[in-house]
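**Q** no FASTA, just this:
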């Protein structure tokens, strides 16, 4: 069986690379943590991997707005081969490969214009900005999966429980037209909801006041997924803030966390693609 | 020539920052601002064309979805009648400016200097209402800025801002000689004028050294003047500061206990109690052939063995004085500085696993007039909290545990304890990671941030009382992003075997880091002109003692330098090769080939005269209060839940990332809706095993008003029982699996040096410190729980004129214990209705110092006593009960006693309790409900396990009643109803306690 290879980028204040790499290992893939400058220097070629991951953290301290400085670097700075990182990403996506951005990684993807990219021209269409609470918050939230979403990352999942840990997670869409398009194309793949699964704009179930109560976006192909909540922070049952009670209720409960499923899904999908080749 | 770019939110985009400030102005200052709007101004001093500026502004700074951009013309609207500008003072850290420089570099593809400041950022606030100058000043100084670090402008907006905080220093004489051959009074005057903080005996010792014929001969040989240089005096003062040398913990103390008549001479509190207790435990461990205690006291942090592959390293520090004058900067610098201790232990480059923070503040509703230079406790709280948030979150280190203590006596100087734990592989490239080896010929490499005037005299300043003339350069602001790059780099470099060892540049800067490392090799040659600067014209001595943050000193073998430099360049970390370690016995400092300091290492490190201090203990005259007979327990419990030392910390906890790294298993708040407060934090160490750590903090300063020994012993017990509560196991000398426990002790006390005028009760304060140390010793050797690192902070007094606010003597014990399997840990919240509730351990008539008495403004007399023999027996049974899977929940009983612990355990969805206490003539209802006797727990068990539990605990358990599903707290005494309240009502009081 061909090995599924995930690349997890780090550097400049990214700080969730370790658990992101662990997620892929637990999901059966090979994961490598690579400093962005090693890609710029030409020491590592992203095209050799199947999944490109932008983990959470505080790249450049969130200065100038979260993800902004990193997005500029990717758009304008040249790699050793003369292309920009964005050129490399376009090539990567065109080859049918997958990209995941979580939290700061999501913020960076939208500021690059890679998400939702309704118009296909990689111009910024939405932003992620200060929570309505004006605070950074670490809290667990319930999320409902858009059942019409194409993205293989979320296949088979209906609702999922994960932590958010951000101060700039409020999604703002440029205009109504784009909002409608996002909904029509089902790119809003995760929505904040109550414990009972009802979509809500009420704080704190919706922790930031996002447009459409949206917590995650994909592009039209479903190959690129960006999300504010942290699936890599729920790889194990023992990450759940209520694990002892859950274990009491069901002593045979799985020791996997719900977030792990997202990584398993994508690894399985890529394996399937290889199988089809 | 400068260009100015302003970014503001487009119309229709909600300005949450402006809304927050307007609400705070209303709530805290009673000022109606009307609508507010925020803007960010970038002052760009690079030479750029009009087109370049426009491109930079549009692509680099503006988020096109939400922002409007103004270039060389600021936003202005007649709707806004007033404005406030918050700019930084020259030399204050401006990370946003630096990030903007980096993005400018990326966008324009120009090779521009991004290491020094060329873009300066300001925040501007537009205010709808026409406010008076006084009102604007209040908002500017109390909500938005701090005059020590900010330049503030306010009034009616004219449409332009001219201020740019460029640093300009006139070059002047580089090195001065100082006449030290002076009379006593002049010596003291010299110490004061140069801010050396050295006392007369110390100044005399310096003078004697320079007048010594040997010193003179030697100085002539190397061509130095006979008088000391400014640099030499500064280095001696740094090295001999209380902060670095811990002179009071090393002092000889004459201790008299007037109660027992006992008299003794204590040769150093540190040696006698702290170090000796650890040595005793180390010997016991060695005897048992079980040596997990790898390194204690002689590096930046202690090191213990986790297993054959990894070691645990951790340190807890304080950053009190800086947090008193600039709470945000003080706290963030504290946490980042403390991170560098485990990071710079042994070879260095470990991975940091967690932060903990324990904070002591004045009450947020403090209503006394503020003294000159004193900030309101609420403001200190807000700033410190924010500093910890940025320091931890932006570094990707989870803040997993902490505590906040309120007492009016912390209103002058707050206490800000920052703790950090990390893990190193046992070996880096085949070498034991915790060892520090340096040989003559190894290079001195400075890594990380550049050097400016920041924090000059920081070490000496924190050793003196704060007053309204405290020097401005004492304030620093940490840069978490600079440090993150540095720590990632250091980890890679250590793994590749490129560094021999490393240390933090903290208090005393290079003088201290190189000075201390040089004791290993036996000397050092340093060339200060090689140190990269933030701005020109620093004096050489300033470069040497500057405390500019985010720097470390690396020890590198010459043959590895090229590879290290290559790695650093690719990680965008600046390195500079500033000298070489030697074995000639001197700290030899040069600036452009001129020797500016040549100090004998032995004199520098061992020449400080010993202090002598008197301590006398008199028992305070106290009594138990007489309270009215018929107390309304419903009301009392509600009040207690909302009291400052008990109420919810959720609003603080949620702003700290407590689970980045994905390893936090017991978080500060757990349960169905994340509301139930927990005791110790639990983390796993990696993703492929369930091995982990429990982390706790014990601190109970108010008991010290009755009995300092019991306060210290009680805090130690509290830290242990929190770990027992989550399922930890006491040390066992014979357990070969490195079941380590490690403690950081942190003493913070008021000035305890007796002076008949300035400090008349100094002897009593020192006696309390002695007793706190005796308790530490007794507890440590009883449990075999060693101190592996620690800290003392000796002058926690805030002075303004004749008024002094002194903290109560305070000790924090921070503990970490290894857990073999985190899946076997226990949380505090009840799990299922029908489960049975027990109290474990015994309650005594011990309401002295309790939160309950505090409600009546009473202190009482019967402070909780630590009964260590009994406690250990109870803890061992708790361990066994957990092994037998009997415990469904366990919560430590502390502040507020049994009633509060029971209520907190019910803070998970729908739970309630129905219990009865067996009060009688031996133990009153109030003592049962609210006494804070140590070594107790509230636990719950499945009904079928009742007998097993009772058999195991015998008289150490007391059946109380049942967990219910009706969401009510029902407590009776036999058949008499005492408390009957909905959990929701108690939870509301608890949730809202800090909102005052």
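**A** Done, it's in. The shown structure was predicted, so the numbers you read here are calculated from the model rather than taken from an experiment.
**Q** Spell out the secondary structure type for residue A:163.
**A** strand (DSSP: H, G, I helix; E, B strand; the rest coil).
**Q** Please determine how far it is located from residue B:675.
**A** Applying C-beta to C-beta, to the nearest Å, the value for residue A:163 to residue B:675 is 15 Å. C-beta coordinates here come from the backbone N, C-alpha and C atoms, glycine included.
**Q** Over to residue B:367?
**A** For residue B:367, the distance to residue B:675 - C-beta to C-beta - is 31 Å.
**Q** Show me which of the two is the more surrounded one.
**A** The residue with more neighbours, out of residue B:367 and residue B:675, is residue B:675; 19 against 6, by other C-beta atoms under 10 Å in any protein chain shown.
**Q** Let me see the contact set for the nearest residue to the more buried one once chain neighbours are set aside.
**A** Nearest residue to residue B:675 in three dimensions, chain neighbours excluded: residue B:907, at 4.5 Å (C-beta to C-beta, 6 or more residues apart in numbering or on different chains). Residue B:907 makes contact with B:671, B:675-677, B:829, B:983, B:987, B:990, according to C-beta atoms under 8 Å, 6 or more residues apart in numbering or on different chains.
**Q** Out of these, which is nearest to chain A?
**A** Of all the contacts of residue B:907, chain A sits closest to residue B:671, with 6.0 Å by C-beta to the nearest C-beta.
**Q** Which residue comes closest to the closest one once chain neighbours are left out?
**A** Here the residue nearest residue B:671, using C-beta to C-beta, 6+ apart, is residue B:908, at 3.4 Å.
**Q** One more: residue A:5?
**A** Nearest one to residue A:5, counting by C-beta to C-beta, 6+ apart, is residue A:49 at 4.6 Å.
**Q** How many neighbouring residues does the one you found have?
**A** Other residues lying near residue A:49 total 22 when counted by other C-beta under 10 Å.
**Q** shouldn't it be in contact with residue A:6?
**A** Yes. Between residue A:49 and residue A:6 there is a contact at 6.5 Å, judged by C-beta atoms under 8 Å.
**Q** before we move on, the earlier item: please narrow the contacts of residue B:907 to those residing in helices.
**A** Counting by DSSP state H, these place B:983, B:987, B:990 in helices.
**Q** mind checking how far the second one is from residue B:979?
**A** It refers to residue B:987. From residue B:987 to residue B:979 the distance is 15 Å (C-beta to C-beta).
**Q** wait, what's in contact with residue A:157?
**A** A:145, A:258, A:261-262, A:265.
**Q** Would you map the strands across the stretch 101-250 of chain A?
**A** Ranges of strands in the stretch 101-250 of chain A, per DSSP state E, counting those that start in this stretch, are A:126-129, A:137-145, A:159-166, A:170-173, A:188-193, A:214-218, A:224-227.
**Q** Pipe these into JSON lines and attach mean neighbour count, mean pLDDT and distance to chain B per row.
**A** Output for the strands of the stretch 101-250 of chain A, formatted as JSON lines (neighbours: other C-beta atoms under 10 Å in any protein chain shown; pLDDT from 0 to 100; distance: least, C-beta to the nearest C-beta, whole Å):
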{"stretch": "strand A:126-129", "mean neighbour count": "26", "mean pLDDT": "98", "distance to chain B": "4"}
{"stretch": "strand A:137-145", "mean neighbour count": "22", "mean pLDDT": "98", "distance to chain B": "5"}
{"stretch": "strand A:159-166", "mean neighbour count": "24", "mean pLDDT": "98", "distance to chain B": "5"}
{"stretch": "strand A:170-173", "mean neighbour count": "22", "mean pLDDT": "98", "distance to chain B": "6"}
{"stretch": "strand A:188-193", "mean neighbour count": "25", "mean pLDDT": "98", "distance to chain B": "15"}
{"stretch": "strand A:214-218", "mean neighbour count": "29", "mean pLDDT": "98", "distance to chain B": "14"}
{"stretch": "strand A:224-227", "mean neighbour count": "28", "mean pLDDT": "98", "distance to chain B": "15"}
